[in-house]
Every structure is written in C-alpha cells, then in structure tokens.
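Colleague: Whatever this is, show me its structure:
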Amino acid sequence: MTLERGFAEFLTHLGIEKNSSIQTVKSYREDITQALEFLRTHSRKDSLEARDWNTRSLRAFLAWLHEQGYAKTTIARRLAATRTFGKFLCRQGTLASNPAEALRSPRLNKTLPHFLTVDDIRKLLASPPAHSPFGRRDRAMLETLYSAGLRVSELCGLNLPDADLSDGVLVIRGKGKKERLALLGDQAMIALKTWLADRKELLASVGAVGEAIFLNKSGGRLTTRSVGRLLVKHLQRAGLDPRTTPHTLRHSFATHLLDNGADIRGVQELLGHKSLTTTQVYTHVTTTRMQQSYHKAHPRA
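Modeller: Residues are numbered from 1 along each chain as shown. Below you'll find the model as predicted:
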C-alpha cells in the first residue's frame, strides 16, 4: 500500500471511527501532507511506499523544519502527527514498527497563558454599544465567552436548543464532539435574552431561518474568524492589549475562578478538559501572580 493511500485511510479513520472534529482532521491533514511532500521532494518520487516512512527520513524532515525557522511548538505538533500516523500504519499492518517513536520532541519553553484582569474584562464587556442590535449581539457574545469559558468554535456552534436561559445552562459540544454543561452568570443571561429578541427581528427582516444563536447581518451563523475580527474592534474601543484573542477570555475565566477559590476539579469540568494537567497551568498563573505581589509588597522580600 502506498503512503498516500494509507494517509487517505487515516483521515477517514479520524473523521468516522474516532469522530474527531473538523479542526482536528484539518490539522492532521496539514501536518502530514507537509511531511509527505518533503519525502517526495527528497526521494524524487511521485508516489511513496511504506518503507519511505522511516526514522531517517522523518529526522531529516524535522531538521528541515528547524532550518526553515518553524517554531518549536509547530515542530512538536508535526512530530506528534507523524507519531499518530505511524501508529495507525502499524495497526493496519503496513509497518512493523513506528519510526517516529525514536524521535525526540523539541524542548518547549513554558509560557503562561495571557489573560485579562477583572477590570479589563469589565471595560471589554462595556465596549459594544447598547443602542445597536449588533452591539447587543457583540455584548452577548463576549459575555457568553467569558461567563461560560467557551472556546470560540463552541460559541459559534451554539444553537437555540442548547441554551436553557431559565437555569443559566448551555449544552456545549466540545473537542471530539463530547458534550458538557456550561454555566452562565446573570449578566450573560440578560445579554443573551436581549440579543435573542434582536435575533428574531433580524431573521424576520432578512427572511432567513436557522437555529444558530449568534448570527451575522445576513442571518447566517457567525464564524470563528468573524468573532476574532469583532473582538479586535472592541479591544481597540476599550484600549486593551491587542494580543487578546477569543481564547484569552477562556484563560481569564479559568484564572479568575481559581483566584477566587474555585476547586480545580470543578474548573476542569467547566472547561471540558480531559486531563487535570491541562487545567493545572492556571494554578501556575495564580501562583506567579501571588509571588509577584509578595515580592512587591513584603518589606523583607
């Protein structure tokens, strides 16, 4: 079997058997396509065989990524993708062993997630104009992102049946299409109820139908890219850090909960993290801030 055919079967396996998200399949497609193109170029072959997927060729691919100036995080992701693909080929009987297992991932610099302070969050949430229907939509959008700690893809995927505004609960379909419950605060519920009234009028005015909660001016579902652009606009209005992304609101959600004494297991559930290790990065954020405050305030520090 050619590697190209094996790759096609791998993507089918991800999408159908593993029920991976569209974004996950897209990431694997991009990562492994680049590796296959590198192997074809350097072997001068139009089609690759299983024996071309070996430790030596993959090591050369990683070295090339370093030479091209790719970030360590990107190289680590490419290597993880080749490992997963190699594991699949082994299970299929195409390879006897996984050649990527012998390769070392680059040592990553530990970086703490960027987040906004509570005051910054207040400024951002107050930025969308309350006199405009789309200003009210943006306020509901930002309130929901922060109040529920959502990923931007989860926000854009919200449908009317997913929201129970009487109890302040959302049904979220997260990574791997796993469902979880997210909670809304009072301000988020008020903002959402206000926008849903505007939403009804918008759909009637453009003659559209649909279940998506957050809509564009044509009545279509708001995209993740559109949310990012809208956030940039409101960051500028509020005079806040331009590095802020929709995911920053999720980081801020987790950091503020832990700052105020929330149980880390509860935060893990609300974020939809499979592993507690993923959530623990936020404890490092709060610890670092505590140390900074200590050294700044203590006379003998």
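Colleague: For Ile190, give its distance to Leu165.
Modeller: Noted for Ile190: a distance of 9 Å to Leu165, by Cβ to Cβ, to the nearest Å. Backbone N, C-alpha and C define where each C-beta goes, glycine included.
Colleague: since we're on the closest residue to Lys178 other than its chain neighbours, how many residues are nearby?
Modeller: Once flanking residues are discounted, Lys178 sits nearest to Gly272: 6.9 Å by Cβ to Cβ, 6 or more residues apart in numbering. Other residues within reach of Gly272, judged by other Cβ atoms under 10 Å, total 21.
Colleague: which residues does Gly272 contact?
Modeller: Each residue near Gly272 by Cβ atoms under 8 Å, 6 or more residues apart in numbering is listed here: Ile172, Gly174, Lys175, Lys178, Arg180.
Colleague: Now it. Its backbone dihedrals?
Modeller: Main-chain dihedrals, Gly272, degrees, to the nearest 10: phi 80, psi 30.
Colleague: ok, now the one 4 residues further on?
Modeller: With angles defined as degrees, to the nearest 10, Leu276 shows backbone torsions of phi -70, psi -30.
Colleague: re earlier: which one (most neighbours) among the contacts of Gly272?
Modeller: Neighbour tally across these (other Cβ under 10 Å): the maximum, 21 neighbours, falls on Ile172.
Colleague: Which secondary structure element is home to that one?
Modeller: strand 169-173 (DSSP states H and E).
Colleague: which strands and helices sit next to that strand?
Modeller: helix 133-148, strand 163-164, strand 179-183 (3 or more Cβ pairs under 8 Å, 6 or more residues apart in numbering; DSSP states H and E).
Colleague: so how far is stretch 2-22 from its chain's centroid?
Modeller: Between the centre of stretch 2-22 and the centre of its host chain there is 21 Å, according to Cα atoms, centre = their mean, to the nearest Å.
Colleague: One more: stretch 121-135?
Modeller: On Cα atoms, centre = their mean, the centre of stretch 121-135 falls 24 Å from the chain's centre.
Colleague: Give me the nearest residue to Lys217, chain neighbours excluded.
Modeller: Phe134 (7.1 Å).
Colleague: Which stretches in the stretch 51-200 of the chain count as helices?
Modeller: 55-67, 72-91, 118-126, 133-148, 152-156, 186-206 (DSSP state H, counting those that start in this stretch).
Colleague: still on that earlier bit, what's the most buried one of the helices and strands packed on strand 169-173?
Modeller: helix 133-148 (a mean of 23; mean count of other Cβ atoms under 10 Å).
Colleague: What's the mean pLDDT across the strand or helix carrying Gly228?
Modeller: Using DSSP H and E, Gly228 sits within helix 224-238. Averaged across helix 224-238, pLDDT comes to 95.
Colleague: what angle separates it from helix 118-126?
Modeller: 110 degrees (axes from the mean of the first three to the mean of the last three Cα atoms, to 10 degrees).
Colleague: In the helix or strand following helix 224-238, which residues are buried?
Modeller: Using DSSP H and E, the helix or strand that follows helix 224-238 in sequence is helix 246-259. Buried residues in helix 246-259, counting neighbours by 16 or more other Cβ atoms under 10 Å, are found at 246-258.
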